[in-house]
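**Student:** Sharing a model prediction with you, sequence too.
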2 protein chains.
Amino acid sequence: MEALKERILKDGTVKPGGVLKVDSFLNHQMDISFINEIGKEFKRRFADNHITKILTIEASGIGIACIAAQYFGVDVVFAKKAKSINLDGEMYCTKIESFTHKKVYDVILAKRFLSPEDHVLIIDDFLANGCALLGLIDIVQKSGATIEGAGIVIEKGFQDGGQKVRDLGIHLESLAIVDSMSDDSLTFR
Amino acid sequence: MEALKERILKDGTVKPGGVLKVDSFLNHQMDISFINEIGKEFKRRFADNHITKILTIEASGIGIACIAAQYFGVDVVFAKKAKSINLDGEMYCTKIESFTHKKVYDVILAKRFLSPEDHVLIIDDFLANGCALLGLIDIVQKSGATIEGAGIVIEKGFQDGGQKVRDLGIHLESLAIVDSMSDDSLTFR
């Protein structure tokens, strides 16, 4: 998505440790008009898929998923990072390792919001090592629903999450893939 | 908002400890078409206000704020519950006590996303004891921006957050105010 690449080059900043900050338009401040363009692009890329629900994970995926859902005409459900799990058999649960925060989260989703009849599009802002996305895939598989695909705004192509997900045979669409970045340059695939 | 009250009566469930669960349409699964009606209603109630930015807090406020922002034509910025604060003088910081999780969160917002020129509408899904909303108000006041008002989807009128915020002279609009609830009944103001 050319407009996204241009926006990353204009407003993104590279921080030490392989961090790409796009918090002025995507995941802290959110440019809603621009995110609508992102939503339209996801719809264009998954136009041939029958989607019944969009799945994302808190927090920064939620806004993007909600805006995108308008173009698919479906509900959103977001997985929660559990602070205190109160497992009563009504939750799908998976574990996601966060490299940023150096810890393992329990992530939960109420069972009644995903069923074997659902056709799920997973949406998130970033894909790097793939832990979050693989956790969401695990939840969908536990529910018996069909994974129609995953839509990612920015994939870090120099980490292996994208490859892992593609190796599973999942239809992955990343609107921008960053193959390398340094203080003064950023290369897209 | 009549449609909201009807939806709460239809799909909401009351849990022990004064918990009103509306997670089938508002804050776990999200009925995007219905949340668009909520966004329109916020615009109607703040039609006379000049809003330049919508502020919310992760996680469940984000989707509602993003959908509502479309009717105001403004960006959203969401405060983050800090896991590890890396304070470099560039963040507004406040503390919010969570009664649900029995802990105090540090909540942060990058300074460059709120300025004295901004006119801010705060949006969130719930208002109960007011801790989250008062924390957001504190952040706006630190930034020097003008608080135009606060839009809440569901206020628990039997807790004192709403009164505290109204006592500050802030224009508070709650789309549904629950004055009492028990297992088998729910009364709106």
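**Tutor:** Perfect, I can see it now.
**Student:** Chain B versus the residue minimising distance to the centre of chain A, what's the distance?
**Tutor:** With distances taken as Cα atoms, centre = their mean, the residue of chain A nearest its centroid is A:Asp124 (1.6 Å). From A:Asp124 across to chain B, the span is 13 Å (Cβ to the nearest Cβ, to the nearest Å). No exception for glycine: its C-beta is placed from N, CA and C like everyone else's.
**Student:** Check the secondary structure at that residue for me.
**Tutor:** strand (DSSP: H, G, I helix; E, B strand; the rest coil).
**Student:** ok, now A:Pro116?
**Tutor:** Using three-state DSSP, the structure places A:Pro116 in coil.
**Student:** Does it touch A:Ala145 like I think?
**Tutor:** Yes. A:Pro116 lies in contact with A:Ala145 (Cβ atoms under 8 Å); the separation is 6.0 Å.
**Student:** Contact residues of chain A facing chain B?
**Tutor:** When proximity is defined as Cβ under 8 Å from any Cβ of the partner chain, chain A approaches chain B at A:23-24, A:28-33, A:35-36, A:58-60, A:62-63, A:65-67, A:69-70, A:73-78, A:80, A:83-84, A:101, A:109-110, A:112-113.
**Student:** Show me the contact partners of the strand or helix carrying A:Val165.
**Tutor:** Using DSSP states H and E, A:Val165 falls within helix A:161-167. If you take Cβ atoms under 8 Å, 6 or more residues apart in numbering or on different chains as the criterion, helix A:161-167 is touched by A:127-131, A:133-134, A:137, A:150, A:152, A:155-156, A:172, A:174, A:177.
**Student:** any idea which of those has the most stuff around it?
**Tutor:** Highest neighbour count within the contacts of helix A:161-167: A:Ala150, with 28 neighbours (other Cβ atoms under 10 Å in any protein chain shown).
**Student:** Quick one: list the elements packing against the host helix or strand of it.
**Tutor:** According to DSSP H and E, A:Ala150 maps onto strand A:146-156. Other elements packing on strand A:146-156 under the criterion 3 or more Cβ pairs under 8 Å, 6 or more residues apart in numbering or on different chains; DSSP states H and E are helix A:2-11, helix A:32-45, strand A:119-127, helix A:131-143, helix A:161-167, strand A:172-182.
**Student:** Which parts of stretch A:135-150 count as buried, going by neighbours?
**Tutor:** For stretch A:135-150, burial by neighbour count (16 or more other Cβ atoms under 10 Å in any protein chain shown) applies to A:135-140, A:143, A:145-150.
**Student:** Now pLDDT too, for these, in JSON lines please.
**Tutor:** JSON lines is the format used below for the buried residues of stretch A:135-150 (pLDDT from 0 to 100):
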{"residue": "A:Gly135", "pLDDT": "97"}
{"residue": "A:Leu136", "pLDDT": "98"}
{"residue": "A:Ile137", "pLDDT": "98"}
{"residue": "A:Asp138", "pLDDT": "97"}
{"residue": "A:Ile139", "pLDDT": "98"}
{"residue": "A:Val140", "pLDDT": "98"}
{"residue": "A:Ser143", "pLDDT": "97"}
{"residue": "A:Ala145", "pLDDT": "98"}
{"residue": "A:Thr146", "pLDDT": "98"}
{"residue": "A:Ile147", "pLDDT": "98"}
{"residue": "A:Glu148", "pLDDT": "98"}
{"residue": "A:Gly149", "pLDDT": "98"}
{"residue": "A:Ala150", "pLDDT": "98"}
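**Student:** What residues does A:Lys15 make contact with?
**Tutor:** A:Lys21 are the contacts of A:Lys15 under Cβ under 8 Å, 6+ apart.
**Student:** now it: how far from chain B?
**Tutor:** As judged by Cβ to the nearest Cβ, A:Lys15 and chain B stand 10 Å apart.
**Student:** go on, A:Val104?
**Tutor:** Distance of A:Val104 to chain B, given as Cβ to the nearest Cβ: 13 Å.
**Student:** which of the residues in the helix or strand that that residue is a member of are buried?
**Tutor:** Assessed by DSSP H and E, A:Val104 sits inside strand A:103-110. Buried residues in strand A:103-110, counting neighbours by 16+ other Cβ under 10 Å, are found at A:105-110.
**Student:** Looking at the helices and strands packed on strand A:146-156, which one is packed in the most?
**Tutor:** Highest mean neighbour count among these (mean count of other Cβ atoms under 10 Å in any protein chain shown): strand A:119-127, with a mean of 24.
**Student:** For chain A, give me the ranges with low pLDDT.
**Tutor:** A:83-89, A:100 (pLDDT under 70).
**Student:** so A:Glu148 makes contact with A:Ile137?
**Tutor:** No. Contact criterion Cβ under 8 Å: A:Glu148 and A:Ile137 do not qualify, at 11.8 Å.
**Student:** Measure how buried A:Tyr92 is and give me the count.
**Tutor:** 18.
**Student:** Can you name the residues that contact it?
**Tutor:** Contacts for A:Tyr92 (Cβ under 8 Å, 6+ apart) come out as A:108-111, A:114, A:139, A:142-143.
**Student:** Is the closest residue in space to A:Leu9 that isn't next to it in sequence bridged to anything, and to what?
**Tutor:** Spatially, and ignoring its direct neighbours in sequence, A:Leu9 is nearest to A:Leu186 (6.4 Å; Cβ to Cβ, 6 or more residues apart in numbering or on different chains). Assessed by DSSP bridges, A:Leu186 has beta-bridge partners A:Met181.
**Student:** quick one: A:Leu186 and A:Thr13 touch, right?
**Tutor:** No. Shown here, A:Leu186 and A:Thr13 do not form a contact pair, counting by Cβ under 8 Å, at 9.9 Å.
**Student:** Does A:Gly12 touch A:Leu20 like I think?
**Tutor:** Yes. With contacts counted by Cβ under 8 Å, A:Gly12 reaches A:Leu20, the gap being 5.7 Å.
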